[in-house]
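A.B. asks: pasting the structure only:
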Ligand SMILES: Nc1nc2c([nH]c(=O)n2[C@@H]2O[C@H](COP(=O)(O)OP(=O)(O)OP(=O)(O)O)[C@@H](O)[C@H]2O)c(=O)[nH]1
């Protein structure tokens, strides 16, 4: 059976600017290398989704988040992996994002994001974001 992973990701905005969100480009070489995605990662056993998000973003970006509403959840089947992806809104509480685990980082509008090659699992929430269908961030 194909491996299934629970992945949590965040639509991260800076306090006072909820028009741009942080996206990252994956490192080259690995699965989905150089594609763009929302920061986050796999949920570890015993962890809540918000806890996993806070941990991943501390490890990968060296920032502290305040995790808010769940915005979207869905499943995507890749050739190698089944991903159960949940997307949360999150406010950047402290720290300036660093490229510790990514090729590149950018704060972009949804329209700008759409011009980049994103991981396939992110396309439905990205379209919903562009269409204003994800609802309020808070
Ligand atoms: N963080 C994150 N992962 C995503 C997104 N969309 C998506 O398909 N994924 C996939 O979810 C999986 C888990 O994410 P990860 O960041 O922990 O995976 P990884 O391959 O870098 O970690 P690993 O080397 O420990 O396996 C990856 O296969 C990744 O491609 C997204 O928006 N954010």
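C.D. replies: That came in fine, so what should we check first? Owing to the predicted nature of the structure, the values given are computational and were not obtained by experimental measurement.

A.B. asks: where does the chain come near the ligand, residue by residue?
C.D. replies: Residues of the chain that fall close to the ligand, judged by Cβ under 6 Å from any ligand atom: 5, 7, 9, 30-32, 37-38, 40-42, 81, 83, 85, 119, 121-122. Backbone N, C-alpha and C define where each C-beta goes, glycine included.

A.B. asks: In strands, which of these appear?
C.D. replies: If you go by DSSP state E, the residues of the chain next to the ligand have 5, 7, 9, 37, 40, 41, 42, 83, 85 in strands.

A.B. asks: Give the ChimeraX command for selecting the buried subset of those.
C.D. replies: Selecting only the buried entries of those in ChimeraX, with 16 or more other Cβ atoms under 10 Å as the criterion:
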select :7,9,37,40,41,83,85
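
A.B. asks: Per-residue pLDDT of the nearest residue to residue 78 once chain neighbours are set aside, please?
C.D. replies: Spatial nearest neighbour of residue 78, excluding adjacent residues (Cβ to Cβ, 6 or more residues apart in numbering): residue 120 at 7.0 Å. On the pLDDT scale, residue 120 is placed at 98.

A.B. asks: Next: residue 30.
C.D. replies: Looking at residue 30, the pLDDT reads 93.

A.B. asks: Enumerate every residue touching it.
C.D. replies: When contacts are counted by Cβ atoms under 8 Å, 6 or more residues apart in numbering, residue 30 touches no other residue.

A.B. asks: which stretches of the chain form strands?
C.D. replies: 4-13, 21-25, 36-37, 40-42, 64-77, 82-94, 104-108.

A.B. asks: In CSV, list those along with mean pLDDT.
C.D. replies: Putting the strands of the chain into CSV (pLDDT from 0 to 100) gives the following:
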stretch, mean pLDDT
strand 4-13, 98
strand 21-25, 98
strand 36-37, 98
strand 40-42, 98
strand 64-77, 98
strand 82-94, 98
strand 104-108, 98
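
A.B. asks: With adjacent residues omitted, what lies nearest to the most centrally placed residue in the chain?
C.D. replies: Per Cα atoms, centre = their mean, the C-alpha nearest to the average position across the chain is that of residue 38, at 2.2 Å. Of all residues not flanking residue 38 in the chain, residue 9 sits nearest, at 3.8 Å (Cβ to Cβ, 6+ apart).

A.B. asks: Please consider this matter closed, and thank you.
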